[in-house]
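In: need coordinates for the following:
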Amino acid sequence: MVTAVICMVVVMVSCDESQLTELKAGHADSLIFAEGAKMRYDHMLKMTDSLEQAGDISPLIANRWRGVYYYRQNQYRMAELYYRKVLDGKIESTQDQLSYNKSARRLSELLLVRGDFEGSLQIAIPAVEKMKESGIGSDIDYAILLNNIGCCQLNLGQDQEAKKSFLSARNHYANRLKTDKSDRGVQEAVTGAMYTSQAYINTRHYADAIYWIDRTETLLNQYRQNPNARVDYFVDYFDEYQGRIEIMRAVAMQGQNKTEEAEQSYRNFLQTAYSKTGPGRINANDYLVAAHRFREAANNYRSLDKTLKDWGMELSLDNIQLYMLPKYKSNKEAGRRDSARVMGTRILSLLDSAITGQKKSSMAELATIYDTNEKEAEITRQRTEMTRLQFISMLVALSLIVIFLSVYTWNKRKSARRLQAAHEKLADAHAKLQVAYNQLEETTAAKERIESEVRIAHDIQMSMVPSVFPNRQGLDLFAYISPARGVGGDLYDYLLQDDTLYFCLGDVSGKGVPASLFMAQAIRLFRAIAKQRQSPATIATRINSELTEDNEQGMFVTMFIGMIDLKTGQMAYCNAGHNPPVFDRQFMEVESNAPIGLWPELEYVGETLENVKGKSLFLYTDGLNEAENRQQEQFGDERLLDFLCQGHFSSARQVIELMVGEVEKHRDGAEPSDDLTMLCLKINEEI
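Out: The predicted model follows:
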């Protein structure tokens, strides 16, 4: 029997770990994304390394974020290196597949821009197939990859295949719009259509380009009609994209020898504010050069240096080719020989600097690759050591479980007095487990992993208790929770249904992660049963019935559960072994029920107060009255009651915030020995 139970425990643990791993990976991924959104890229890279070492994200996810880091630093070769590592990695989770999709999108784009069309196709096509096989991939993933595929096919002369890819991408953009009508969803569709238009122009397929330019304008006009977009922030966006549409149409018309239509589109472009900007002038030269209006193009290129500086672009070989050479050609064709000569001399001097800079960049990339390999080897060693320590910890935990199950089975047949002795032995077993955990924590070299896990667990736990309180006239409610060790076993919750307010506050036996898991169960059960509009005594009875089942570790929770009719002020409540609350500035006399989770089939007794309107109710855990200072003197019930009786408080929030300050003042720098949780509420007479 013991063997079967152990097997069952191991299976349950493995299932929970799989789900927890996905949860941690998703949460960690969002933390890294938040750093990137703030453009704190160095912090983002450090966080990536730290979370990978802690095992919170996989190497595949970590390499994707390193690729993002180098991409944002314009170090595209290094970004390509890490994106390829992602594509070569083993996909073991949903988060891994999502990172694979994003990396394939970015890598195929890098190769496309570089002109490596075959290489880009070798990345994008398998990525689309893999998304179909796994069933994990968003419409925007498909749309961008298919757009990249179409651009490559177009440049390789595969016109019909490109057309199919572009139309398929268009359908995915349309699906995206159906499910996401936000600014981002519409902007993605506009950008996708514009990229397709530019691809047809670059390959001189001007008739096809017109179709996509018109589609781009249609999407932009639809976006203008969106009420959410009619704010000042979008004025420049609409103006710029309208300008870019007009200049693309001018180039396409000129390419078809429709010079009047091209000239009209160019005049429309000049009506936009975008045409007066540096980027607008540079963009306009696509048409002016095609129309052999070199003098106007040369005039526009006068703003090139400032525009490149505003863009933060260094004069690399690529940028010299893209911008400096066309400027030289425009001045030459315009007959401005002196300007062309000066530009040619400058290009020659810049070429030497650019070549030297590229060599230095290549050497830096090689050095980074070497450091990266060393770092990955160190991460592998640390993960191996952590795995060994986790295995030892699991053996210790399983041994203690076996010991407990044996003792529990033997004592279950005895009297209630012997059952109490079994619970004392269980407490001893928990103490030993805590000692083993503390020793493991002191000896492990992966301190950062533990801190990361506790931080994530703290965030998850804090998300389970309400941080927003009822905004209802006449009802004043506020609560506060502070775990002693990052995570803990204290809890509070409330549920407002029409004119009925349910609330609870509790304290789980023990501390740390085990207590936090038990706390999560208690909150989940409270919410589920309260929604059925049961009495506090019934809620306590049903929670006890659920928590005593398979509770081999003997954990329990003390709780105070209340239900108030906001119209009449009547309060029904049940106290399950918890500290007596303070009502109307004096301790309540409550029924002595047992804590929840120890004995099955208990029927809890509830009580009633006829009218609580105009009087305050203060609930707390023993982390308040048992808070100790440096001399191990407790805060005490008397000090608690004196503070509430002598103070004049304007709100429930003020009561709790001043109480927190009073406790900190009493501790005088001593570390808290227990979780601290408080809840205060008051219902006005006129509600």
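In: spell out the residue ranges of the strands in the stretch 551-687 of the chain.
Out: 557-565, 571-576, 582-583, 586-587, 607-609, 616-620, 676-683 (DSSP state E, counting those that start in this stretch).
In: and these as CSV, adding distance to residue 26?
Out: Any C-beta I mention is one placed from the backbone N, CA and C, and that applies to glycine too. Below are the strands of the stretch 551-687 of the chain laid out as CSV (distance: least, C-beta to C-beta, whole Å):
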stretch, distance to residue 26
strand 557-565, 29
strand 571-576, 35
strand 582-583, 41
strand 586-587, 45
strand 607-609, 44
strand 616-620, 34
strand 676-683, 28
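In: ok, which of the ones you listed comes nearest residue 278?
Out: strand 676-683 (58.4 Å; C-beta to C-beta).
In: would you mind identifying the next helix or strand past whichever strand or helix holds residue 83?
Out: Remark: residue 83 resides in helix 76-88, with elements defined by DSSP states H and E. From helix 76-88 onward toward the C-terminus, using DSSP H and E, the following helix or strand is helix 94-114.
In: for the helix or strand following that following helix, what is the distance to the chain centroid?
Out: With elements assigned by DSSP H and E, the helix or strand that comes after helix 94-114 is helix 117-134. Averaging C-alpha coordinates over helix 117-134 and over its chain gives two centres that are 27 Å apart (C-alpha atoms, centre = their mean, to the nearest Å).
In: need the contact partners of helix 117-134.
Out: 87, 91, 97, 100-101, 104-105, 107-109, 111-112, 137, 141-142, 145-146, 148-149, 151-153, 155-156 (C-beta atoms under 8 Å, 6 or more residues apart in numbering).
In: pull out the buried residues from those.
Out: Buried by 16 or more other C-beta atoms under 10 Å: 87, 91, 97, 100-101, 104-105, 107-109, 111-112, 137, 141-142, 145-146, 148-149, 151-153, 155, out of those.
In: let's see stretch 270-289 as PDB, backbone CA atoms only.
Out: Provided in PDB are the C-alpha atoms of stretch 270-289 (Å, rounded to 0.1, in the frame of the first residue of the first chain):
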ATOM      1  CA  LEU A 270       3.600  67.000 -51.200                       C
ATOM      2  CA  GLN A 271       0.400  67.900 -49.500                       C
ATOM      3  CA  THR A 272       1.400  65.700 -46.500                       C
ATOM      4  CA  ALA A 273       3.400  66.900 -43.500                       C
ATOM      5  CA  TYR A 274       5.500  63.800 -44.000                       C
ATOM      6  CA  SER A 275       6.900  65.200 -47.200                       C
ATOM      7  CA  LYS A 276       8.600  68.000 -45.300                       C
ATOM      8  CA  THR A 277      10.500  65.700 -43.000                       C
ATOM      9  CA  GLY A 278      14.000  64.200 -43.600                       C
ATOM     10  CA  PRO A 279      12.700  60.700 -44.000                       C
ATOM     11  CA  GLY A 280       9.900  61.900 -46.300                       C
ATOM     12  CA  ARG A 281      12.400  63.800 -48.600                       C
ATOM     13  CA  ILE A 282      14.700  60.700 -48.800                       C
ATOM     14  CA  ASN A 283      11.600  58.500 -49.600                       C
ATOM     15  CA  ALA A 284      10.500  60.900 -52.300                       C
ATOM     16  CA  ASN A 285      13.700  60.300 -54.200                       C
ATOM     17  CA  ASP A 286      12.500  56.900 -55.200                       C
ATOM     18  CA  TYR A 287      10.000  58.700 -57.500                       C
ATOM     19  CA  LEU A 288      12.200  61.700 -58.500                       C
ATOM     20  CA  VAL A 289      15.100  59.400 -59.600                       C
END
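In: list the buried residues in it.
Out: 272, 274-275, 277-278, 280-289.
In: go through the residues you listed and flag which are in helices.
Out: Among the buried residues of stretch 270-289, the members found in helices (DSSP state H) are 278, 280-289.
In: in a markdown table, list the residues you listed along with pLDDT and distance to residue 644.
Out: Formatted as a markdown table, these follow (pLDDT from 0 to 100; distance: C-beta to C-beta, whole Å):
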| residue | pLDDT | distance to residue 644 |
| --- | --- | --- |
| 278 | 84 | 66 |
| 280 | 86 | 67 |
| 281 | 86 | 71 |
| 282 | 84 | 71 |
| 283 | 85 | 70 |
| 284 | 83 | 74 |
| 285 | 81 | 76 |
| 286 | 87 | 75 |
| 287 | 87 | 78 |
| 288 | 86 | 79 |
| 289 | 85 | 81 |
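In: which one of these sits closest to residue 628?
Out: residue 278 (66.6 Å).
In: residues contacting residue 145?
Out: 104-105, 108, 124, 127-128.
In: quick revisit: do you know which of the strands of the stretch 551-687 of the chain lies nearest residue 302?
Out: Here strand 676-683 is closest among those (C-beta to C-beta), at 67.3 Å.
In: that closest one to strand 557-565, inter-axis angle?
Out: 10 degrees (axes from the mean of the first three to the mean of the last three C-alpha atoms, to 10 degrees).
In: quick one: average pLDDT of strand 676-683?
Out: Over the span of strand 676-683, the pLDDT mean works out to 95.
In: do the same with stretch 154-169
Out: For stretch 154-169, the per-residue pLDDT averages 89.
In: before we move on, the earlier item: can I get the ones in helices among the buried residues of stretch 270-289 in TSV including distance to residue 589?
Out: Converted to TSV, those look like this (distance: C-beta to C-beta, whole Å):
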residue	distance to residue 589
278	79
280	79
281	83
282	82
283	80
284	85
285	87
286	85
287	88
288	90
289	92
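In: looking at those, which is nearest residue 198?
Out: For these, the nearest to residue 198 is residue 286 (9.6 Å; C-beta to C-beta).
In: check contacts around that closest one.
Out: Per C-beta under 8 Å, 6+ apart, neighbours of residue 286: 247-248, 251.
In: to residue 81, which of the strands of the stretch 551-687 of the chain lies closest?
Out: Going by C-beta to C-beta, the one of the strands of the stretch 551-687 of the chain nearest residue 81 is strand 676-683, 49.3 Å.
In: ok, that closest one: who's next to it in the sheet?
Out: Applying DSSP bridges, strand 676-683 is found paired with strand 475-482 (antiparallel), strand 616-620 (antiparallel).
In: so which of those is the most surrounded?
Out: strand 616-620 (a mean of 23; mean count of other C-beta atoms under 10 Å).
In: can you give the distance of that one from its chain's centre?
Out: For strand 616-620, the distance to the chain centre is 35 Å (C-alpha atoms, centre = their mean).
In: could you check the distance from residue 186 over to residue 224?
Out: Taking C-beta to C-beta, to the nearest Å as the measure, residue 186 and residue 224 are separated by 10 Å.
In: ignore the last one, residue 44
Out: 35 Å.
In: residue 503 too?
Out: 49 Å.
In: helix or strand with the lowest mean pLDDT in the protein?
Out: helix 337-411 (a mean of 55; mean pLDDT, DSSP states H and E).
In: compute the distance between residue 120 and residue 113, please.
Out: Note on residue 120: its distance to residue 113, by C-beta to C-beta, is 9 Å.
In: same thing with residue 179?
Out: Distance from residue 179 to residue 113, by C-beta to C-beta: 29 Å.
In: cool, and residue 86?
Out: 19 Å.
In: between those two, which one's more packed in?
Out: residue 86 (26 against 13; other C-beta atoms under 10 Å).
In: who's the closest spatial neighbour of the more buried one, skipping the chain neighbours?
Out: residue 103 (4.0 Å; C-beta to C-beta, 6 or more residues apart in numbering).
In: just checking, that neighbour touches residue 66?
Out: No: look at residue 103 against residue 66 with C-beta atoms under 8 Å: they stay out of range, at 10.3 Å.
In: out of those two, which sits in the more crowded spot?
Out: residue 103 (27 against 23).
In: check contacts around that one.
Out: Residue 103 neighbours (C-beta under 8 Å, 6+ apart): 63-64, 67, 83, 86-87.
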